[in-house]
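Novice: With the sequence up front, the predicted model follows.
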Amino acid sequence: MIQARTSFLILFVIAVVAGAARSATESSTSAAQELTPPSELALLMRAMAAHADSVKAGIARGEKHLPAYPERIKTLLTATPTKDMHIDPITFPTFGKDYQAKVRALYKAARKDRSTAYNALVQSCANCHSTHCPGPMMRIKKMYMKVEG
């Protein structure tokens, strides 16, 4: 009985130590990833998402004007991606040009058609991210607006 308790105690201590070591390793890996500065493309994507959020909010409030045109999107096709991220040289430019066209269409759309144009813009994000870097897909799905009509 004492030997069984001792064996159990030893196994328990080993499991706790192993778990702590694994946790420390995961924390240091995560910390190293956080120290890596985001790429030009990652920063641009964040700016694009922030712009889309402000457009959506403005449309929902019925604002007369859209936020300032996002001039930074001109660099979409040339922005440096995250290290070791594969950007397909054929499909990415196609998706990027489609996104830029959807932004232009949004800014040309009549006020009553902005929700539809905005959703087309969000769909262009989803189309690209379903092929390249699918991580943001959950966030993109939440960006759509309900369109009355």
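Specialist: Here it is on my side, so go on.

Novice: count of neighbours near the closest residue to residue 67 other than its chain neighbours?
Specialist: In space, and not counting its chain neighbours, residue 67 is closest to residue 54: 4.6 Å by CB to CB, 6 or more residues apart in numbering. From N, CA and C alone the C-beta is placed, and that goes for glycine too. A count of nearby residues for residue 54, using other CB atoms under 10 Å, gives 15.

Novice: Show me which residues of the helix or strand where residue 54 lies are buried.
Specialist: Using DSSP states H and E, residue 54 sits in helix 40-61. Residues of helix 40-61 classed as buried under the neighbour-count rule (16 or more other CB atoms under 10 Å) are 41, 42, 44, 45, 48, 51, 52, 55, 56, 58, 59.

Novice: Let's test this: mean pLDDT of the next helix-or-strand element following it, rounded?
Specialist: On the C-terminal side of helix 40-61, the closest following helix or strand by DSSP H and E is helix 91-108. Helix 91-108 comes out with an average pLDDT of 98.

Novice: helices or strands next to whatever helix or strand comes next after helix 91-108 in the packing?
Specialist: Moving toward the C-terminus from helix 91-108, the next helix or strand (DSSP H and E) is helix 114-129. Here helix 114-129 touches helix 40-61, helix 91-108, helix 137-141, going by 3 or more CB pairs under 8 Å, 6 or more residues apart in numbering; DSSP states H and E.

Novice: for those helices, which one sits closest to residue 78?
Specialist: helix 40-61 (8.5 Å; CB to CB).

Novice: domains of the chain?
Specialist: Per the record, the chain has its domains at 1-36, 40-141, by automatic domain parsing.

Novice: Distance to residue 147 for those - can I get that in a markdown table?
Specialist: Converted to a markdown table, the domains of the chain look like this (distance: least, CB to CB, whole Å):
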| stretch | distance to residue 147 |
| --- | --- |
| domain 1-36 | 38 |
| domain 40-141 | 5 |
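
Novice: I'm done for today, thanks for sticking with me.
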